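Colleague: Sequence first, then the predicted structure, then my questions.
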Amino acid sequence: MYDAHRKPNPPSFLGTVGLFFHTIPSAFLLGMALSAQKADDTAFVWFVALLIFRYWRTVVNICFCFRYRIAVPTHDLKITSDDCTVIVPTVGPQGNRSYTEMVTAILVNQPTRLIFSTNTNSAADDVRAVLPTILADIAKGLTAYQLQHDLGSIEVATEILVLSANVSNKRQQVVHAFQNVETEILVMVDDTAIWHPRFLAATLPAFASDKVGFVGTRKWVKRLPRARDPSATFAVGLWKQYITGFWNTVGGLYLVRHNFEIRATNAADGGVFCVSGRSSLIRTNIVKNTLFTDAFLNEYVLRFGDRFPGWGPVTADDDNFMTRWVINHGWNVKIQSSKEATMTTTLGTYPIKFPEQCKRWSRSTFRQNPIAILIDRTVWVKWPLTLWTTYFPWLYNAALFWDGLTVYVLMHTDLYAQSTHRTAMLCGLVGFIWTTKLVKTIPWFWAYPMDFLLYFVIPAYPLFAYWHSLLKVYTAFTFWDLAWSGRKLPKTQ
């Protein structure tokens, strides 16, 4: 409480009293410990405790997911696409099958300016080389994106700049473009992100509140074609198809789970674990100042003065840093989760690089969540429910160990030992655990029911979730690895 009142915008009296609710987890643990001492079936008490501990946040998030409301346009909203500048940090179009769609989607949304900030001069030349063809096709309405959405020909009014930061560093590439941003809203976009044709119109209403400084959106993964390899035998070709589809599905489920988390927590207390850097909107005055750029470019992990320099500067985790910076400086975050406010990307492609991306994301969690919880500490007051449903659980939530422990404890209860239907009891618990893994993933399986049969009924995805638990343990002990896993880049120039 003392710490909260030392910060800017201290909590109200009710907010201060509300901090006592942070003692609920320890009170729950104490209550279960006391109950276990007095109970005849101690193992059963701990079995119930494990179920509550494991699934209470799932129930809470389901409730708030249904209570979520998107910000809708109002007659007094003064911010339009004319007030937006888009920055795309990029390594160029080479090898990027989404580049034309990405550029077309941005230009269809008609921001005032589009800035490409490349990592090398040759990448800048490559961008300049492909732009005339893309612009000519847009003017004729011939791009695949326009044909898909039945948009017809479009006159491009957006000013386009191509810059070279001469460094393979997303943070530095973004900052390099700041000097050319003159609008009220800055939009940062990955070079694999494809917007809905009404993306800006659907997301900008979130800024109707003057307290909102940062806006996140709904994420989706493009379902990739799964053609049979004609040079392979029938069995080998079928297996390759299955593996290709599996990794694409896992990539889709990864982002669908994130959509569920951020939708629920944002409805609960305005919280979010991270506003994805794939496509985010922020007020320009938040980031276009010396304090932000110095901190953004010089973030270190576990740095304690000259005695222990720590690891850094951190090149990944840019979206986590920005999320923490925004709330630490008194701004609110709003998530726009709707079909029109959707960014589609490619993820889980084959040959496989997705596991390397999973390592990077997991390491980001182990680097950034402790900073938010122990160093910044803003989340304790601003997002108390999100703290306990996301920030803490993401550090210890490894399905393999918790699910295994739950089954193990059940098998040591007197209830199980004395039952004449042990197999049914065990199968019921395993079936329940398996079914709960559908809670966050239903949108993908609803859209692609065949994937449900191929990768959930055949338990490929649940097995991946357990493999990911082992990966989390590995990344917890290698969090200082700052490599941008999943993308090979030339060395910093």
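Modeller: Alright, I've got the coordinates.

Colleague: what's the neighbour count on His421?
Modeller: Around His421 there are 10 other residues, counting by other Cβ atoms under 10 Å. Heads up, the C-betas are built off the backbone N, CA and C, glycines and all.

Colleague: wait, I meant Leu453
Modeller: 11.

Colleague: Mind listing what's buried along the longest helix seen in the chain?
Modeller: In the chain, assigned by DSSP state H, the helix with the most residues is helix 234-269. By neighbour count with 16 or more other Cβ atoms under 10 Å, helix 234-269 contains the buried residues 240-241, 244-269.

Colleague: What average pLDDT does that helix get?
Modeller: Per-residue pLDDT over helix 234-269 has a mean of 94.

Colleague: what's the answer for stretch 97-116, then?
Modeller: With pLDDT averaged residue by residue, stretch 97-116 scores 96.

Colleague: Give the buried residues for that stretch.
Modeller: Judged by neighbour count using 16+ other Cβ under 10 Å, the buried positions of stretch 97-116 are 98-116.

Colleague: chain center to it, what's the gap?
Modeller: Relative to its chain's centre, stretch 97-116 lies at 22 Å (Cα atoms, centre = their mean, to the nearest Å).

Colleague: hmm, back to that, could you list which of the buried residues of stretch 97-116 belong to helices?
Modeller: Counting by DSSP H, the buried residues of stretch 97-116 place Tyr99, Thr100, Glu101, Met102, Val103, Thr104, Ala105, Ile106, Leu107, Val108 in helices.

Colleague: Which member of the residues you listed is positioned nearest Val91?
Modeller: Closest approach between these and Val91, by Cβ to Cβ: Tyr99, at 10.6 Å.

Colleague: That closest one against Pro93, yeah?
Modeller: Yes - look at Tyr99 against Pro93 with Cβ atoms under 8 Å: they come within range, at 4.1 Å.

Colleague: Quick check: neighbours shared by those two?
Modeller: Common neighbours of Tyr99 and Pro93, counting by Cβ atoms under 8 Å, 6 or more residues apart in numbering, are Val130.

Colleague: Show me the shaky parts of the protein.
Modeller: Within the chain, the stretches with pLDDT under 70 are 350-351, 484-493.

Colleague: would you list every one of the strands in it?
Modeller: Per DSSP state E, the chain carries strands over the ranges 84-90, 113-118, 159-164, 185-189, 194-195, 212-221, 279-283, 332-336, 342-345.

Colleague: could I get the ones you listed as CSV with distance to Asp125?
Modeller: Shown next, in CSV, are the strands of the chain (distance: least, Cβ to Cβ, whole Å):
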stretch, distance to Asp125
strand 84-90, 13
strand 113-118, 9
strand 159-164, 9
strand 185-189, 21
strand 194-195, 24
strand 212-221, 31
strand 279-283, 26
strand 332-336, 36
strand 342-345, 25
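
Colleague: Can you verify my assumption that Asp481 contacts Arg363?
Modeller: Yes - taking contacts as Cβ under 8 Å, Asp481 lies within contact range of Arg363: 6.1 Å.

Colleague: Of the two, which one has the most company?
Modeller: Arg363 (24 against 13).

Colleague: mind checking how far that one is from Phe479?
Modeller: Using Cβ to Cβ, to the nearest Å, we find Arg363 at a distance of 5 Å from Phe479.

Colleague: same deal with Leu29?
Modeller: Applying Cβ to Cβ to Leu29 and Phe479 gives a distance of 27 Å.

Colleague: Likewise for Asp269?
Modeller: Counting by Cβ to Cβ - Asp269 and Phe479 are separated by 27 Å.

Colleague: got it, and Asn119?
Modeller: Distance from Asn119 to Phe479, by Cβ to Cβ: 25 Å.

Colleague: And Tyr300, by the same measure?
Modeller: Using Cβ to Cβ, Tyr300 is found at 13 Å from Phe479.

Colleague: same question, Arg97
Modeller: Distance, Arg97 to Phe479, using Cβ to Cβ: 32 Å.

Colleague: And for Thr315?
Modeller: With distances taken as Cβ to Cβ, Thr315 is found 14 Å from Phe479.
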